[in-house]
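S.K.: Provide a 3D model corresponding to the input given below.
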Amino acid sequence: MVDEVDRLLPLAPSPEQVAFCSGDLVALWQRLGLSALVTLAAVKNAGLAAGALTFPLWWPLLQAAGRNRAVRSRFRHVGFWRARVVDVEVTQRATRGRLAEPSLRVLVGDASGARSEVLVPFLRRYESIEVGEPAELLVLSQRRKFDSFKALKEVYLPESGLWLADYPYVSRAAFLAVSLDLDRERRAGEPAEFAR
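M.R.: Okay, the predicted model is just below:
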């Protein structure tokens with residue numbers, strides 16, 4: 001089971017996570033400028049200069065690894081939650097003094113009343129999301145019974161094949177493999193449970 005969790009939530013950053021942490025062009029230029037300044041200031045210290053020169057390359061890797069480690073260290077158990085889309089809403093959100101950008105707020109939940117919300121930048125392909133469609137996501141908990149849990153803000157909608165995420169924590173290939181395994185177990189009448 002631990003191997004499965006390692007595949008689902010890897011500690012090593014994925015290319016998608018590094019791309020997310022790399023930010024936009026403005027962030028890249030800021031890192032390049034800082035790198036050039038520190039490299040020039042540290043020209044007499046080869047080790048520091050080399051680290052500063054390569055800063056734009058290793059900083060996103062370090063950020064992604066830190067995020068992965070933080071989520072894995074806070075929770076002891078990981079589970080697979082099958083829920084439904086409860087609400088979908090396009091909203092406006094201002095970011096860092098920029099004009100408001102359209103965002104998509106999706107609320108997922110199940111019959112027990114458990115709910116989780118994800119907020120992502122709006123993309124046209126999200127227009128097809130409908131209330132009631134199935135949603136799958138990983139949940140994390142300190143307790144094996146999952147009587148209280150935190151859902152990762154990464155939702156897979158199997159009917160449309162869409163992923164909604166504010167950060168790509170999950171290895172999507174491993175997630176889809178677990179989802180298929182759970183479907184097979186359910187159809188075969190075996191207990192469909194995934195938890196660590």
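S.K.: can I get the lowest-mean-pLDDT helix or strand in the chain in PDB? Just the C-alpha atoms.
M.R.: One helix or strand of the chain scores below all others by mean pLDDT, DSSP states H and E: helix 46-53, with a mean of 70. The C-alpha trace of helix 46-53 is given here as PDB (Å, rounded to 0.1, in the frame of the first residue of the first chain):
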ATOM      1  CA  ALA A  46      33.000  29.800  -7.000                       C
ATOM      2  CA  GLY A  47      30.500  27.600  -5.100                       C
ATOM      3  CA  LEU A  48      28.200  30.500  -4.300                       C
ATOM      4  CA  ALA A  49      28.500  31.900  -7.800                       C
ATOM      5  CA  ALA A  50      27.600  28.500  -9.400                       C
ATOM      6  CA  GLY A  51      24.600  28.100  -7.100                       C
ATOM      7  CA  ALA A  52      23.400  31.600  -7.900                       C
ATOM      8  CA  LEU A  53      24.000  31.200 -11.600                       C
END
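S.K.: check which element follows that helix along the chain.
M.R.: Counting by DSSP states H and E, the next helix or strand C-terminal to helix 46-53 is helix 55-74.
S.K.: check which helices and strands that following helix sits against.
M.R.: helix 15-22, helix 25-41 (3 or more CB pairs under 8 Å, 6 or more residues apart in numbering; DSSP states H and E). (Each C-beta comes from the backbone N, C-alpha and C, glycine too.)
S.K.: what about the shortest one, distance to the chain center?
M.R.: It stands for helix 15-22. Centre-to-centre, helix 15-22 and its host chain are 11 Å apart (CA atoms, centre = their mean, to the nearest Å).
S.K.: that one to helix 55-74, inter-axis angle?
M.R.: Angle, helix 15-22 to helix 55-74, by axes from the mean of the first three to the mean of the last three CA atoms, to 10 degrees: 110 degrees.
S.K.: where in this protein is pLDDT low?
M.R.: 1-2, 49, 53, 94-99, 190-196 (pLDDT under 70).
S.K.: longest strand in it, please.
M.R.: For the chain, the longest strand by residue count, based on DSSP state E, is strand 77-93.
S.K.: that one vs helix 55-74, what angle?
M.R.: 120 degrees.
S.K.: what about strand 77-93, distance to the chain center?
M.R.: That offset, for strand 77-93, works out to 13 Å (CA atoms, centre = their mean).
S.K.: and for stretch 86-96?
M.R.: Worked out by CA atoms, centre = their mean, stretch 86-96 lies 18 Å from the chain centre.
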